[in-house]
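Trainee: Okay, sequence plus prediction incoming.
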Amino acid sequence: MLRQTFAAFAATMALAGAALAQTAMPFALDWKFEGPAAPYFVAIDKGHFEAQGLTVEISAGQGSLDAIPKVATGAFPVGFADINSLIKFLDQNPGAPVTAVMMIYDKPPFAVVGRKSLGVEAPKDLEGKVLGAPPPDGAWAQFPIFSEVNGLDMAKITVEPVGFPTREPMLAEGNVAAITGFSFSSYLNLVRLGVPEDDISTILMADHGVQLYGNAIIVNTDYAAANPEIITGFLTAVAAGWRDAIADPAGATASLIERNPAADAELEQRRLQLSIDANVLTDWVQANGLGGIDDARMGEALEQLSLTYAFTNMPDASLYFTDAYLPDASVRMLK
């Protein structure tokens, strides 16, 4: 009897020790709990983070310019943000302890979304029109490059600063002819507002000469240097979450809706699928796995950024991205 009691006590202590061994990992998203955030919740629900010894709590954000300082200050060890905004942040704050470690949007969703009935179907159509743009928006941050490579006359475009909540409603009501935004978000928000799908034009910047990368997992470099295994474990779980979401988008959407019951499940599943098809599961990712970058392309991206942004310091790709924490490519294959 004594042996049984001791064995039960030992088993209880072992479970308690395992629970104590879990590392708390707050994760700052760039945006609200919408379809493309589902893979991170899948990684929680399917135990991928737990298997890496992590207890992850995900916080919604208000744009990439919100997530970057959260990680740079150490308030969050990891986050999700536009790498181009990160590059500018590091140029303006040299030595800040933040960098990207896993590319998620190999093809960025930066877009100009307009209405055909208001005369916007191609880049040049923006001249003579009103463009709604939230100042912290990642797509608006890249609009000067889009304008430059497409030869737009900015003097002929009226830019209306708008808030994120009013961006799509203003376009739906015809108060602006186009808006900047992420393709999968703005498009489906307009659909939800009753704009006919055949009246919506999505001008993806990546299809019109913009060679930039998109959103990536970012880390606080001080934390990562002290905890490399934890960061690699986090990225391993993220890859597994995306793999599961690609295999079962409906199941992934269910994980999202559990955290955002007010969301439209059908619409958010469409939003997730749009991000998978256009931004995540590119030919390059299918061949090389999720998370890495091509050095030559990054060089081209930095050249494009310098077209419209005056770097204070010499651009250095090694400051903005490192693959040092990525798990093996075999772990990062999505299919």
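Mentor: Sure, I can see it. Numbers count the residues shown, from 1 in each chain.
Trainee: Relative to residue 201, how far out is the spatially most central residue of the chain?
Mentor: Geometric centre of the chain, nearest residue: residue 215, 3.9 Å, by CA atoms, centre = their mean. Distance from residue 215 to residue 201, counting by CB to CB, to the nearest Å: 23 Å. C-beta coordinates here come from the backbone N, C-alpha and C atoms, glycine included.
Trainee: just residue 81 next, same as before
Mentor: According to CB to CB, residue 81 and residue 201 sit 27 Å apart.
Trainee: Which one's more surrounded, the two?
Mentor: residue 81 (29 against 20; other CB atoms under 10 Å).
Trainee: Distance check, the more buried one against residue 329.
Mentor: From residue 81 across to residue 329, the span is 23 Å (CB to CB).
Trainee: Extract the residue ranges of the protein that are flagged as low pLDDT.
Mentor: Across the chain, the ranges flagged by pLDDT under 70 are 1-20, 64.
Trainee: The stretch 1-150 of the chain: helices as residue ranges?
Mentor: Taking DSSP state H, counting those that start in this stretch as the test, the helices found in the stretch 1-150 of the chain are 2-21, 38-45, 48-51, 64-72, 83-92, 138-149.
Trainee: Residue 322 and residue 101 touch, don't they?
Mentor: Yes: if you go by CB atoms under 8 Å, residue 322 and residue 101 touch, sitting 6.0 Å apart.
Trainee: Looking at the two now, which is surrounded by more residues?
Mentor: Shown here are residue 322 and residue 101; by other CB under 10 Å, residue 101 has more neighbours (22 against 17).
Trainee: which ones are touching the more buried one?
Mentor: 216-219, 224, 231, 235, 291, 321-326 (CB atoms under 8 Å, 6 or more residues apart in numbering).
Trainee: Run through the residues that contact residue 61.
Mentor: 28, 29, 30, 31, 32, 67, 70, 79, 80.
Trainee: Now rank the residues you listed by neighbours and give me the top one.
Mentor: In terms of neighbours by other CB under 10 Å, the contacts of residue 61 top out with residue 79 at 30 neighbours.
Trainee: leaving aside the residues next to it on the chain, what's closest to that one?
Mentor: Using CB to CB, 6 or more residues apart in numbering and skipping residues adjacent in sequence, the residue nearest residue 79 is residue 28, 3.8 Å away.
Trainee: wouldn't the one you found be in contact with residue 74 here?
Mentor: No: applying CB under 8 Å, one finds residue 28 not in contact with residue 74, separated by 11.5 Å.
Trainee: the strands in the chain, which residues?
Mentor: For the chain, applying DSSP state E gives strands covering 23-28, 54-59, 78-82, 98-103, 110-115, 130-133, 158-161, 178-182, 200-204, 215-220.
Trainee: Mind checking those strands for the one nearest to residue 145?
Mentor: strand 110-115 (9.2 Å; CB to CB).
Trainee: what packs against that closest one?
Mentor: Here strand 110-115 touches helix 138-149, helix 164-172, strand 178-182, helix 183-192, strand 200-204, going by 3 or more CB pairs under 8 Å, 6 or more residues apart in numbering; DSSP states H and E.
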